[in-house]
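Student: Give me the fold of what follows.
(one chain, ligands or ions: 1)
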Amino acid sequence: MASLIDRSGMRGRVSAHRIDGVGTSIFTEITALAVRHGAVNLGQGFPDFAAPDFVKEAAARHIRDDHNQYAASPGVPRLRQALADDWRRRCPGAPDVDPNDEITVAAGATELLHDAVLAIVNPGDEVIVFEPAYDAYAPDIAMAGASARAVPLGQPDWTFDPGLLSAAFGPRTRALLLNTPHNPTGKVFSRAELEIVAALCQRHDVTVISDEVYSAITFDTVHVSIATLPGMFERTITIDSMGKTFSVTGWKVGWAIAPAPLSAALRAVHQFVTFTNATPFQEALADILPIAARDGYYDQLRADYRRRRDLLSAVLRAARLLPLPIGGAYFLLTDISGRGFDGDADFCRRLVSEYGVAAIPTSAFYADPSAAPTLARFCFAKKDETIAAAAPRLAALASKNPP
Ligand SMILES: Cc1ncc(COP(=O)(O)O)c(C=O)c1O
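Tutor: Okay, here's the model as predicted:
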């Protein structure tokens with residue numbers, strides 16, 4: 001049927017230059033292929049299991065109690081108080097944070113990363129990122145009119161060369177984007193590494209935006225917030241969210257902890273990006289945080305993820321896809337070179353369409369995909385049955401494409 005709407009009026013370019021290069025990612029492509037081929041989806045980074053009952057009950061209660069109207073733009077006050085209390089629990093010995101001026105709640109870490117970059121980075125500035133880097137960082141930096149300066153994290157332990165990091169700082173460096181525990185590598189930055197980063201940021205008067213959304217998911221290692229290092233609170237925006245920690249990625253409640261001047265800048269952007277986010281979920285988180293701390297929730301979360309990690313690790317090993325060691329987050333990387341594939345993207349496309357398992361190529365986390373190692377990322381935030389269902393499919397791959 002012919003369209004009744006005349007769509008021929010816009011002859012010129014309709015999009016702004018700031019979104020040049022921001023296109024559909026391989027994540028979207030692999031997800032679409034996973035649906036089309038009925039694949040076991042170990043690609044997307046979110047849980048396929050139920051959220052805890054005490055978490056769901058809290059939100060249901062607040063909807064029933066009619067906490068259904070706009071929350072204050074910086075966040076529901078009792079949630080900010082609960083987050084300040086939680087900071088004290090998580091960072092013993094660190095100075096307290098002020099819930100009035102130093103905590104901002106927004107629509108997930110994704111919004112806060114965007115707000116933070118827009119709030120502090122000027123056009124023409126540079127932002128240092130460790131590569132591989134989570135896929136939102138480059139567009140956030142580009143939309144602020146700035147450019148990213150990549151510092152490689154190298155295999156096998158994903159450490160960085162302090163000389164290369166030091167050389168990345170220059171007169172235009174405005175911010176450094178850190179992610180620990182790190183997606184996709186599972187690296188947890190050690191205190192010694194954070195001290196190197198901190199010293200350089202202090203020397204060059206650079207602000208740190210620290211993405212810590214996997215802070216609760218660590219294995220035999222301690223997560224350290226760079227903001228707790230001497231002299232760092234005043235120059236750090238620490239971003240976290242409840243999505244991974246409470247298995248509710250769709251609730252989109254995140255928060256940023258930063259000194260008052262940085263929080264004020266962040267809030268100026270947040271006020272006109274989303275203004276606020278879902279009130280009942282904010283109210284729920286205020287109830288959830290003290291219950292989780294009291295009832296040993298975090299230990300249970302880590303134990304559950306350890307089991308899933310070991311399960312996926314065994315499934316991958318059986319298919320002779322050796323997983324690299326990790327310290328945190330919920331992904332395993334495997335080297336797929338020498339298996340007859342034309343790079344990691346080719347491997348992932350064929351894995352999903354021919355063998356029915358979705359994984360993500362890590363080249364998607366590099367500005368120059370050709371510089372990336374050939375690694376595929378498998379997510380273990382999945383039911384035991386989901387992980388087990390991948391086993392025969394990966395075994396079929398192993399028999400056809402041995403190492
Ligand atoms: C490193 C990293 N940062 C941020 C996010 C997004 O967090 P949120 O769901 O709170 O927006 C993700 C989600 O996958 C992530 O892996």
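Student: who in the stretch 1-150 of the chain is up against the ligand?
Tutor: 45, 108-110, 134 (CB under 6 Å from any ligand atom). (Glycine included, C-beta is placed from N, CA and C.)
Student: And the stretch 201-350 of the chain, by the same measure?
Tutor: Residues of the stretch 201-350 of the chain lying near the ligand by CB under 6 Å from any ligand atom: 211, 213, 241, 243, 249, 254.
Student: how does it look with 8 Å?
Tutor: Counting by CB under 8 Å from any ligand atom, the stretch 201-350 of the chain comes close to the ligand at 211, 213-214, 239, 241-244, 249, 252-254, 329.
Student: Among the residues you listed, which ones are in strands?
Tutor: 211, 239, 241, 254 (DSSP state E).
Student: Neighbour count for those - can I get that in CSV?
Tutor: Below are these laid out as CSV (neighbours: other CB atoms under 10 Å):
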residue, neighbour count
211, 28
239, 29
241, 29
254, 25
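Student: can you tell me which of the residues of the stretch 201-350 of the chain next to the ligand lies nearest to the ligand?
Tutor: residue 241 (3.1 Å; CB to the nearest ligand atom).
Student: ok, now how distant is the closest one from residue 113?
Tutor: Look at residue 241 and residue 113: by CB to CB, to the nearest Å, they are 10 Å apart.
Student: Do a quick rundown of the strands in the chain.
Tutor: All strands of the chain, identified by DSSP E, fall at 40-41, 103-106, 126-131, 147-152, 173-179, 207-211, 236-241, 254-257, 331-335, 357-358, 360-361, 375-379.
Student: The first one pairs with which strands, and in what direction?
Tutor: Each strand that pairs with strand 40-41, with its direction, by DSSP bridges: strand 357-358 (parallel).
Student: Quick one: mean pLDDT for the partner strand?
Tutor: The pLDDT scores in strand 357-358 average 97.
Student: Quick check, residue 323 in contact with residue 317.
Tutor: Yes. Under the criterion of CB atoms under 8 Å, residue 323 makes contact with residue 317 at 7.2 Å.
Student: Tell me which of the two has more neighbours.
Tutor: Taking neighbours as other CB atoms under 10 Å, residue 323 and residue 317 compare with residue 323 leading, 20 against 13.
Student: ok, back up a step: distance to residue 87 for the strands of the chain - can I get that in CSV?
Tutor: Output for the strands of the chain, formatted as CSV (distance: least, CB to CB, whole Å):
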stretch, distance to residue 87
strand 40-41, 34
strand 103-106, 8
strand 126-131, 24
strand 147-152, 28
strand 173-179, 18
strand 207-211, 13
strand 236-241, 9
strand 254-257, 6
strand 331-335, 26
strand 357-358, 36
strand 360-361, 32
strand 375-379, 28
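Student: To residue 139, which of those lies closest?
Tutor: Nearest to residue 139 among the strands of the chain is strand 147-152 (9.9 Å), distances taken as CB to CB.
Student: what residue ranges in this protein score low on pLDDT?
Tutor: 1-8, 10 (pLDDT under 70).
Student: Can you show me the helices along it?
Tutor: 26-36, 53-64, 77-90, 108-120, 137-143, 162-168, 191-203, 242-245, 260-273, 279-294, 297-318, 343-350, 384-400 (DSSP state H).
Student: Now do the last one: which elements does it pack against?
Tutor: It refers to helix 384-400. In terms of contacts (3 or more CB pairs under 8 Å, 6 or more residues apart in numbering; DSSP states H and E), helix 384-400 is packed against strand 40-41, helix 297-318, strand 357-358.
Student: what about residue 197, distance to the ligand?
Tutor: According to CB to the nearest ligand atom, to the nearest Å, residue 197 and the ligand sit 17 Å apart.
Student: ok, the residue of the stretch 1-150 of the chain found nearest the ligand to residue 160 distance?
Tutor: Nearest residue of the stretch 1-150 of the chain to the ligand: residue 108, at 2.7 Å (CB to the nearest ligand atom). Applying CB to CB, the value for residue 108 to residue 160 is 27 Å.
Student: the more surrounded of those two?
Tutor: residue 108 (22 against 19).
Student: if I look at that one, how far off is residue 115?
Tutor: From residue 108 to residue 115 the distance is 11 Å (CB to CB).
Student: same check, this time on residue 160
Tutor: Distance from residue 160 to residue 115, counting by CB to CB: 26 Å.
Student: Check residue 338 too.
Tutor: For residue 338, the distance to residue 115 equals 43 Å [CB to CB].
Student: Settle it for me: which of these two has more neighbours?
Tutor: For residue 338 and residue 115, the more surrounded residue by other CB under 10 Å is residue 115, and the numbers stand at 29 against 10.
Student: so residue 283 sits right up against residue 79, yeah?
Tutor: Yes. Using CB under 8 Å, residue 283 is in contact with residue 79, at 7.0 Å.
Student: neighbour-wise, which of those two wins?
Tutor: More crowded of residue 283 and residue 79, by other CB under 10 Å: residue 79, with 27 against 22.
Student: just checking, that one touches residue 281?
Tutor: No. Residue 79 is not in contact with residue 281 according to CB under 8 Å; the separation is 9.5 Å.
Student: Domain ranges for the protein, per the record?
Tutor: 21-45+298-400, 66-294 (automatic domain parsing).
Student: Tell me which of the ones you listed lies nearest to residue 11.
Tutor: Proximity to residue 11 (CB to CB) singles out domain 21-45+298-400 among the domains of the chain, at 22.1 Å.
Student: Can you report how many residues neighbour the residue lying closest to residue 386 once chain neighbours are set aside?
Tutor: In this structure, residue 386 finds its nearest non-sequential neighbour in residue 48, 5.7 Å apart by CB to CB, 6 or more residues apart in numbering. With neighbours defined by other CB under 10 Å, the count for residue 48 comes to 16.
Student: same check, this time on residue 27
Tutor: Count around residue 27 with other CB under 10 Å applied: 16.
Student: Thought residue 46 was touching it, still the case?
Tutor: No. If you go by CB under 8 Å, residue 27 and residue 46 don't touch, sitting 11.4 Å apart.
Student: Next, count neighbours for residue 83.
Tutor: Taking other CB under 10 Å as the criterion, the count of residues near residue 83 is 23.
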